[in-house]
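In: no sequence for this one, just the structure:
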């Protein structure tokens, strides 16, 4: 807490110091095409100086300059370069806008420009990162999770339908191995209402996927990579409202609005809700009171879910003392019925959970602080979320919804009216200094604290609840420093180090015999240092090579340490994972002719992991727990291919293959017995998967400015085992079979995007799809979405 207060003091010190500076001349404006549409990622250069910037998604830019005469050059991919001479007066704010003409030699279309802009952004970093454009999916019913499922090397794993537990699978790692951020702020502790599969795609501008090595600016202890959701940063006034209705009585609505005054006061609001009965049919085993069982199709009967969320921000932009200063407040609540445990044979009929979240936040950004090239970014947030888990019924249910009395209360085996309050805070400081075009330095520091208070209205009579009297706290600090070398933007190398510190307090099970439970307080302090290098080199203007290596660490998260209070048990004695990560990538992107564009990306990776934290499923009660497995090695490759034909047609796909194997030779660290699963593939992990998509656009269909689009996507996951492949009879071994599903979408955009209607059919061939330990996912489903978008450009 002291360090958190220190960062707040640090923020206000720089805020006042920056405000006290003498305002420099401010040059701002917009870059648009001949039709008045904004051009994102356009470069603004001041000739014979080191000043430059790029336009945001709404085409706006601003530069702080010294008074004098300048020649300003604007360039963008697919457009002719334009230069304008201008005099900048002392202490004045001047406007300079550009209207760029298409480059006749390239004749790029709108779709290609978007694709090229994303690739251009990727090329500016030596890290293995791809960017997914969310704007092209605003008319779909996709959430951020299913949008992310389209990226190469990424697979989204869910336990069911709307609102179900979700985890991101990236480069062989899943769950807490992959860190999630929103606008660079860690989403740890945000609560289940803020899972990616609950957040509509319309609140995002793009999603950045960092695979393997992660820049220090995130301050992340990620092993698999980082997902960063970049929200809409537009300074325009806009309103984006949508509603969709789909199968299983699913309702989703979203409203986003923003307004910026001429004096730089900005207000943004995002509000969304999800509701579903989730009563889709599943094929499973029905248990009867007499002990008989039968496999049959049944309908889920206790899986209703709803959540409501409001995210509001207010502040200032483009001020001499702050590029961005935002105060935010996020409010959310959810209710979820729980249909089954982590395995489907254990059915619940009354178990449920409820949660609410209050999250204030603060963001401050300032470029050229005190001196040119010195940039500062500060963020802070405090999250208080309340969770209530209800499991009091003395009944046992089957999949037909029938129930019968049992001897004890609690469907999961533990009678609980549990409540716990999670309180966590984090603060991030990023400071970078660009000496010149070749050399720059950065430092980053992230502190985070977590505390959980448990109460249980029936715990007094439960000996297991002795653990509830022991406090649960997790505090960590990650400091990073890096040096970046850039040679004519053709060769860029970054060398970095990260120092990790973690302090844990929580309960550990000290029972020596089965059937009894006793707990003791466990305290642990841990610190270590990681390091690495990332480099990129353009072998040709169309061909880019990326190489990176890192000694990485991942600290155990709150859920792994303390459980989720519903279906997972914590382990406060977990050790941090560590790994040697190697990455090699090659990207080819070329405008083949005036009509054809081709993009190819191939990336390979090698992970040598120690103290791998593995999630284990209890076959009897269906719960889950975490333990340090030992040594694991993963070697993999993913590839992506995309083709664009003018603004009429696009085709693309990606595929991932990985070989994640157990390299722990002994049964346990305290044993001398050789393991019979040595060199087996890690179970319940897909190793071969991919997807493909195609889209066809009909311009001016039914009127000028209207667009009809038709789309198709294919999803594939290869067969994999749920348990170690060397154990049990291979003919009766539990496995997830190969899965292949198909989706179709159609949208009609009217009045240049003001009014929109979309229809989607997911899994339209009604395949049986499974995930996360053989949990069946929804079959065929349909959805219809209506959307209205109004904008006033400034």
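Out: Right, received. Where do you want to start? Keep in mind it's a predicted model, so treat the numbers as computed, not measured. Residues are numbered from 1 along each chain as shown.
In: wait, residue 385 sits on residue 450?
Out: No. Counting by Cβ atoms under 8 Å, no contact exists between residue 385 and residue 450, whose distance comes to 11.0 Å. No exception for glycine: its C-beta is placed from N, CA and C like everyone else's.
In: phi, psi for residue 484 please.
Out: Listed backbone geometry of residue 484 is phi -120, psi 130, with angles given as degrees, to the nearest 10.
In: specify the beta-bridge partners of it.
Out: Legend: beta-bridge partners of residue 484 under DSSP bridges are residue 440, residue 494.
In: any idea how far residue 496 is from it?
Out: Here the distance between residue 484 and residue 496 works out to 9 Å (Cβ to Cβ, to the nearest Å).
In: what number of residues lie near residue 371?
Out: Using other Cβ atoms under 10 Å as the criterion, residue 371 is surrounded by 7 other residues.
In: is it in a helix, a strand, or coil?
Out: For residue 371, the secondary structure call by DSSP: H, G, I helix; E, B strand; the rest coil comes out as coil.
In: could you show me where the strands are in the stretch 251-400 of the chain, in order?
Out: With DSSP state E, counting those that start in this stretch as the criterion, the stretch 251-400 of the chain has strands at 265-276, 281-287, 293-299, 305-319, 322-337, 352-366, 374-391, 395-397.
In: please name the nearest non-neighbouring residue to residue 396.
Out: Of all residues beyond its chain neighbours, the one nearest residue 396 is residue 406 (4.8 Å), with distances taken as Cβ to Cβ, 6 or more residues apart in numbering.
In: can you pull the pLDDT of the one you found?
Out: Looking at residue 406, its pLDDT stands at 87.
In: ok, residue 1 next?
Out: Turning to residue 1, the model gives it a pLDDT of 47.
In: check residue 240 too.
Out: The confidence metric pLDDT takes the value 94 at residue 240.
In: one more: residue 107?
Out: According to the model's per-residue confidence, residue 107 sits at a pLDDT of 36.
In: do residue 424 as well
Out: According to the prediction, residue 424 has pLDDT 88.
In: may I have the phi/psi pair for it?
Out: Residue 424 has phi and psi values of phi -140, psi 150 when expressed as degrees, to the nearest 10.
In: can you check residue 194 too?
Out: Dihedral angles (degrees, to the nearest 10) for residue 194: phi -110, psi 30.
In: doesn't residue 334 make contact with it?
Out: No. Taking contact to mean Cβ under 8 Å, the distance of 9.4 Å between residue 194 and residue 334 leaves them out of contact.
In: check the burial of the residue nearest to residue 653 when sequence neighbours are not counted by counting its neighbours.
Out: Excluding the flanking residues, the one nearest residue 653 by Cβ to Cβ, 6+ apart is residue 692, at 3.3 Å. Using other Cβ under 10 Å, residue 692 has 16 neighbouring residues.
In: quick one: closest of the strands of the stretch 251-400 of the chain to residue 738.
Out: Distance to residue 738, taken as Cβ to Cβ, is lowest for strand 281-287 among those, at 16.8 Å.
In: would you mark the buried spots in that closest one?
Out: Buried residues in strand 281-287, counting neighbours by 16 or more other Cβ atoms under 10 Å, are found at 282, 284, 286-287.
In: the residue located most distally from the centre of the chain: what's it in contact with?
Out: Relative to the centre of the chain, the most outlying C-alpha is that of residue 290, 46.6 Å out, by Cα atoms, centre = their mean. With contacts defined as Cβ atoms under 8 Å, 6 or more residues apart in numbering, residue 290 is in contact with no residue.
In: and it, how far is that from residue 402?
Out: The spacing between residue 290 and residue 402, counted by Cβ to Cβ, is 12 Å.
In: same question for residue 67.
Out: 82 Å.
In: now swap in residue 639 and tell me
Out: With distances taken as Cβ to Cβ, residue 639 is found 50 Å from residue 402.
In: who's more crowded, these two?
Out: Residue environment comparison for residue 639 versus residue 402 gives the larger neighbour count to residue 639, 18 against 15, counting by other Cβ under 10 Å.
In: grab the nearest non-local neighbour of that one.
Out: Computed as Cβ to Cβ, 6+ apart, the closest residue to residue 639 that is not its neighbour in sequence is residue 602, at 4.7 Å.
In: ok so, going back, overlap in contacts, residue 194 and residue 334.
Out: With the criterion set as Cβ under 8 Å, 6+ apart, the contacts of residue 194 and residue 334 do not overlap.
In: circling back to that earlier point, between the strands of the stretch 251-400 of the chain, which one is nearest to residue 788?
Out: Within those, the stretch nearest residue 788 is strand 265-276; the backing value is 14.9 Å (Cβ to Cβ).
In: what is that closest one packed up against?
Out: Contacts of strand 265-276 with other secondary structure elements, assessed using 3 or more Cβ pairs under 8 Å, 6 or more residues apart in numbering; DSSP states H and E, are made with strand 250-260, strand 305-319.
In: adding mean neighbour count, mean pLDDT and distance to residue 371, write the ones you listed out as a markdown table.
Out: Output for those, formatted as a markdown table (neighbours: other Cβ atoms under 10 Å; pLDDT from 0 to 100; distance: least, Cβ to Cβ, whole Å):
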| stretch | mean neighbour count | mean pLDDT | distance to residue 371 |
| --- | --- | --- | --- |
| strand 250-260 | 19 | 94 | 28 |
| strand 305-319 | 19 | 94 | 18 |
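In: could I get those strands as a markdown table with distance to residue 610?
Out: As requested, these are arranged in a markdown table below (distance: least, Cβ to Cβ, whole Å):
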| stretch | distance to residue 610 |
| --- | --- |
| strand 250-260 | 43 |
| strand 305-319 | 38 |
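In: tell me which residues of the host helix or strand of residue 427 come out buried.
Out: Under DSSP states H and E, the secondary-structure element containing residue 427 is strand 416-434. Residues of strand 416-434 classed as buried: 416, 418-420, 422, 424-434 (neighbour count, 16+ other Cβ under 10 Å).
In: got the angle between it and strand 374-391?
Out: Regarding strand 416-434 and strand 374-391, their directions subtend 170 degrees when assessed with axes from the mean of the first three to the mean of the last three Cα atoms, to 10 degrees.
In: now do the same contact list for residue 45.
Out: The contact partners of residue 45, taken as Cβ under 8 Å, 6+ apart, are 51-52, 72-75.
In: return the members of those residues classed as buried.
Out: Buried subset of those (neighbour count, 16+ other Cβ under 10 Å): 51, 72-75.
In: measure residue 79 to residue 444 for me?
Out: Distance of residue 79 to residue 444, given as Cβ to Cβ: 35 Å.
In: make that residue 637, sorry
Out: When Cβ to Cβ is the yardstick, residue 637 and residue 444 sit 31 Å from each other.
In: who's more crowded, the two?
Out: With neighbours defined as other Cβ under 10 Å, residue 637 and residue 444 compare such that residue 444 has more, 23 against 16.
In: residue 430 is in contact with the more buried one, correct?
Out: Yes. Residue 444 is within contact range of residue 430, at 4.9 Å (criterion: Cβ under 8 Å).
In: and for those two, which residues touch both?
Out: With contacts defined as Cβ under 8 Å, 6+ apart, the residues shared by residue 444 and residue 430 are residue 217.
In: what's the single longest strand in the chain?
Out: Among all segments of the chain classified by DSSP state E, the strand with the greatest residue count is strand 519-540.
In: mean confidence (pLDDT) on that strand, please.
Out: Strand 519-540 shows an average pLDDT of 91 in the prediction.
In: ok, that strand: who's next to it in the sheet?
Out: Strand 519-540 has its sheet partners listed here by DSSP bridges as strand 491-509 (antiparallel), strand 543-554 (antiparallel).
In: which of the ones you listed sits closest to residue 140?
Out: Evaluated with Cβ to Cβ, those place strand 543-554 nearest to residue 140, the distance being 30.2 Å.
In: what comes up buried for that closest one?
Out: So for strand 543-554, counting by 16+ other Cβ under 10 Å, buried means 544-550, 552-554.
In: before I go, just wanted to say thanks for your time.
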